[in-house]
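Engineer: generate coordinates for the sequence data below:
(2 chains)
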Amino acid sequence: MTVRVRFAPSPTGYLHIGAARSALFNWLFARKSGGKFLLRVEDTDLQRSTDESTRSILEGMEWLGIGDYDEEIVFQSRNADKHREAALHLVEEGKAYRDFTPKGERSDSNVKQEIAERARTQAAAHTGADHRSNPFRDLSLEESNRRAEAGEPFAVRLKVAREGQTHFTDAVYGEQARDHSEIEDLVLLRSGDLTPLYNLSVVVDDIEMGITHVIRGQDHLTNTHKQVLIYEALARPTPVFAHLPLILAPNKAKLSKRKHGEVVSLTTYRDRGFIPAAFRNYLTLLGWSPGDEQKEIMSLAEMVERFSLEGVHRSNAVFNFSETDPRQWTDQKALWMNAEYVRTMPLAELLPMVKSELEAAGLWRPEYETEERAWFERTIELIRQRFITLKDFSGQGRAYFSDEFEYDEAALAKNLKKDSALREMLPRLAARLEAVEPWTLETIEQALRAFAEEAGVKAALLINASRTALTGQSVGPSMFDVFEVIGRERCAVRLRNAASLV
RNA sequence: GGCGCAUUGGUGUAGUCGGCUAACACGCCGCCCUCUCAAGGCGGAGACCACGGGUUCGAGUCCCGUAUGCGCUACCA
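Structural biologist: Residues are numbered from 1 along each chain as shown, chains lettered A, B, ... in the order given. This next block holds a predicted model:
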């Protein structure tokens, strides 16, 4: 039997990093086992689903490099008729029944309260939850049909046995059992329009799509029993279930856009200059580990090679970030990993990403791919060493690509304004460098050190001043490399300009 | 309230059949390197393995209980 898995997001917002991780694990499992990876958009809730959200999910998947679905994308809303048919069929078979109770009004916001309240009153009454006291549960099929034909609105509920338990073995959480008494007669179709509800739709679609392994967030673990019941009613074998631990905020609350903002949205990472492979690598390590293998930086192929459901954790993972410190806007390890990728990944793979970043910032020149290609590669190789994200190439790295750059205030104070002698030394240094021939690391260094000696100052004074004069920054690569890369003419101009800033 | 799941340094994790003086990565501190900052190298602080019992010569590892956290409990998904 070939493995078939699916990622089934509901398009009611941006792609959440937790959902992205579920997608990733499904993808890894499929590729590992030589199975099929499918996408199903769960747009059953037409009120909240948007095309824009669907687009952003698709984009996010593409960005992560796991958008290579093996079959056509399934839109759940288009299968509504099948879901309805299945439920009605269960009514015929006596495994479900029509509930003619008038539909109660409820809104998302007060549902949680209602649940809590119901729990309280039940506890107070010591009644224990008897979800099967519904007066329509045992209505005869004839009577039920008659009332339906008469146009009386009804919902369809699954008839859950009074006694017994449901069982399934979760590939991550192990043996799971739940008493039937804990499960109410869940609604399959809404009253009135008879639109299918989540649990029904998922099961029918998973059967239809031939899904063999359902890999999803742990928030579905307890509800899985309901789905098992539906599989049983439909007389179909259940797939293997594998639930994934949740990703929590630093205060251990569920990560949500409302409370935690853009850190939870996958597109944020793309927009903030993350390397897809780096973020993917980080995400994979949240809730899964390759065991005794200590190596954390892994290529996609290595992840596929090592991935297994057995390596998935059971405890939730905390996504560690600070809402007040901009340097820790997301998990530090994710940032570290991205920097690691930026400086060590094959330059050829990095270049296109740098190109897009420079294009977006209006710093790109076509020559970087033609006559100036060697210079461009040398420069990127040089500056990537201390960058963290792609944004740094257009930010801190701006002076390498444009003459219009800002001088960092702190750098100015530290390296230029400190010694007024620089005012007259900088232009002289410029003149000296203009005469350097040939323009190489060694000759530049020689010239600068000789100049410093003649002027009776430490070379470091001129080096640091030059760094700020040439790049606007107080930190950066070894200065002789910078001189060389910036070029003789630009160096001279910038050194002379900087004299006025002293 | 009920049911379920979890609990190893600040965070992510490793700890196979019980032998741990508890390992790795990020972060933090120090030193080296040095023209700055990173990177890199070396070293360090930080966990009585949630707590309490039990089994055992011996428990992070097995059993029971408690606490805490999270999830579910909806004609949302």
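Engineer: from here on, contacts and neighbour counts on C-alpha atoms
Structural biologist: OK.
Engineer: so where's the stretch 151-300 of chain A shaky on pLDDT?
Structural biologist: For the stretch 151-300 of chain A, no stretch is flagged by pLDDT under 70.
Engineer: ranges for the helices of it?
Structural biologist: A:198-208, A:224-233, A:257-260, A:266-271, A:276-284, A:300-306 (DSSP state H, counting those that start in this stretch).
Engineer: right, and those - which one's nearest residue A:331?
Structural biologist: Closest to residue A:331 of the helices of the stretch 151-300 of chain A is helix A:276-284 (CA to CA; 9.6 Å).
Engineer: what is the burial count for residue A:435?
Structural biologist: Counted with other CA atoms under 10 Å, residues neighbouring residue A:435 total 12.
Engineer: dump the helices of the stretch 151-300 of chain A into a markdown table; add distance to residue A:173 as well.
Structural biologist: Shown next, in a markdown table, are the helices of the stretch 151-300 of chain A (distance: least, CA to CA, whole Å):
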| stretch | distance to residue A:173 |
| --- | --- |
| helix A:198-208 | 20 |
| helix A:224-233 | 12 |
| helix A:257-260 | 28 |
| helix A:266-271 | 27 |
| helix A:276-284 | 18 |
| helix A:300-306 | 20 |
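Engineer: which of these sits closest to RNA strand B?
Structural biologist: helix A:198-208 (3.8 Å; CA to the nearest atom of the strand).
Engineer: give the other helices and strands that that closest one contacts.
Structural biologist: helix A:80-92, helix A:224-233 (3 or more CA pairs under 8 Å, 6 or more residues apart in numbering; DSSP states H and E).
Engineer: of all the helices of the stretch 151-300 of chain A, which one is nearest residue A:247?
Structural biologist: helix A:276-284 (10.1 Å).
Engineer: and the closest one, how far from the chain's centre?
Structural biologist: From the chain centre to the centre of helix A:276-284 is a distance of 9 Å (CA atoms, centre = their mean, to the nearest Å).
Engineer: that helix near RNA strand B at all?
Structural biologist: No. Applying CA under 7 Å from any atom of the strand, one finds helix A:276-284 out of contact with RNA strand B, separated by at least 7.7 Å.
Engineer: in chain A, what helix or strand scores lowest on average pLDDT?
Structural biologist: Lowest by mean pLDDT, DSSP states H and E among the helices and strands of chain A is helix A:108-125, with a mean of 57.
Engineer: immediately after that one, which helix or strand?
Structural biologist: As assigned by DSSP states H and E, the chain's next helix or strand after helix A:108-125 is helix A:141-149.
Engineer: quick check: residue A:217 touching residue A:243?
Structural biologist: Yes. Applying CA atoms under 8 Å, one finds residue A:217 in contact with residue A:243, separated by 5.3 Å.
Engineer: more crowded one of those two?
Structural biologist: Using other CA under 10 Å, the more surrounded residue of residue A:217 and residue A:243 is residue A:243, with 24 against 17.
Engineer: in stretch A:421-428, what's buried?
Structural biologist: Using 16 or more other CA atoms under 10 Å as the test for burial, stretch A:421-428 gives A:422, A:423, A:425, A:426, A:427, A:428.
Engineer: which strand or helix spans the last one?
Structural biologist: The one in question is residue A:428. helix A:422-434.
Engineer: mean confidence (pLDDT) on that helix, please.
Structural biologist: What helix A:422-434 shows for mean pLDDT is 95.
Engineer: so which elements touch the helix or strand just after that helix?
Structural biologist: Downstream of helix A:422-434, the first helix or strand assigned by DSSP H and E is helix A:441-455. The contact analysis (3+ CA pairs under 8 Å, 6+ apart) places helix A:441-455 against helix A:422-434, helix A:459-471, helix A:479-486.
Engineer: residue A:320 - that's part of a helix, no?
Structural biologist: No. Using DSSP: H, G, I helix; E, B strand; the rest coil, the assignment for residue A:320 is coil, not a helix.
Engineer: that one - nearest residue in space that isn't next to it in sequence?
Structural biologist: residue A:331 (4.8 Å; CA to CA, 6 or more residues apart in numbering).
Engineer: that neighbour and residue A:183, how far apart?
Structural biologist: 39 Å (CA to CA, to the nearest Å).
Engineer: of those two, who's got more company?
Structural biologist: Neighbour count, other CA under 10 Å: between residue A:331 and residue A:183, residue A:183 has more, with 22 against 17.
Engineer: stretch A:493-502: how far from the chain's middle?
Structural biologist: 45 Å.
Engineer: buried sites along it?
Structural biologist: For stretch A:493-502, by 16+ other CA under 10 Å, it's A:493, A:494, A:495, A:496, A:497, A:498, A:499, A:502.
Engineer: among those residues, which one sits closest to RNA strand B?
Structural biologist: residue A:495 (15.1 Å).
Engineer: so who does that closest one touch?
Structural biologist: The contact partners of residue A:495, by CA atoms under 8 Å, 6 or more residues apart in numbering, come to A:426, A:427, A:429, A:430, A:466, A:469, A:470.
Engineer: what is the neighbour count of the third one?
Structural biologist: Summarising burial for residue A:429: neighbours were counted as other CA under 10 Å, giving 21.
Engineer: wait, it sits on residue A:451?
Structural biologist: Yes. The pair residue A:429 / residue A:451 is scored as a contact, 7.1 Å apart, by CA under 8 Å.
Engineer: let's have the buried residues of stretch A:421-428 in JSON lines, adding distance to RNA strand B.
Structural biologist: Listed next are the buried residues of stretch A:421-428 as JSON lines, based on distance: CA to the nearest atom of the strand, whole Å:
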{"residue": "A:422", "distance to RNA strand B": "15"}
{"residue": "A:423", "distance to RNA strand B": "19"}
{"residue": "A:425", "distance to RNA strand B": "17"}
{"residue": "A:426", "distance to RNA strand B": "16"}
{"residue": "A:427", "distance to RNA strand B": "19"}
{"residue": "A:428", "distance to RNA strand B": "19"}
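Engineer: which parts of the stretch 301-450 of chain A sit against RNA strand B?
Structural biologist: Counting by CA under 7 Å from any atom of the strand, the stretch 301-450 of chain A sits next to RNA strand B at A:311-320, A:332-334, A:336, A:385-387.
Engineer: quick check on those: which are buried?
Structural biologist: A:312, A:313, A:314, A:316, A:317, A:318, A:319, A:320, A:334, A:387.
Engineer: show me the residues you listed that map onto strands.
Structural biologist: By the criterion of DSSP state E, membership of these in strands covers A:317, A:318.
Engineer: is residue A:197 in contact with residue A:186, as I believe?
Structural biologist: No. Counting by CA under 8 Å, residue A:197 stays clear of residue A:186, with 9.5 Å between them.
Engineer: show me the contacts for residue A:226.
Structural biologist: Here residue A:226 is in contact with A:183, A:186, A:199 (criterion: CA under 8 Å, 6+ apart).
Engineer: closest one of those residues to residue A:78?
Structural biologist: residue A:199 (16.0 Å).
Engineer: residues contacting that closest one?
Structural biologist: Residue A:199 neighbours (CA under 8 Å, 6+ apart): A:188, A:226, A:227.
Engineer: ok, and the closest non-adjacent residue to residue A:464?
Structural biologist: residue A:415 (5.7 Å).
Engineer: thinking again about what came up before, and of the helices of the stretch 151-300 of chain A, who's closest to residue A:401?
Structural biologist: So among these, helix A:266-271 is nearest, using CA to CA, at 21.0 Å.
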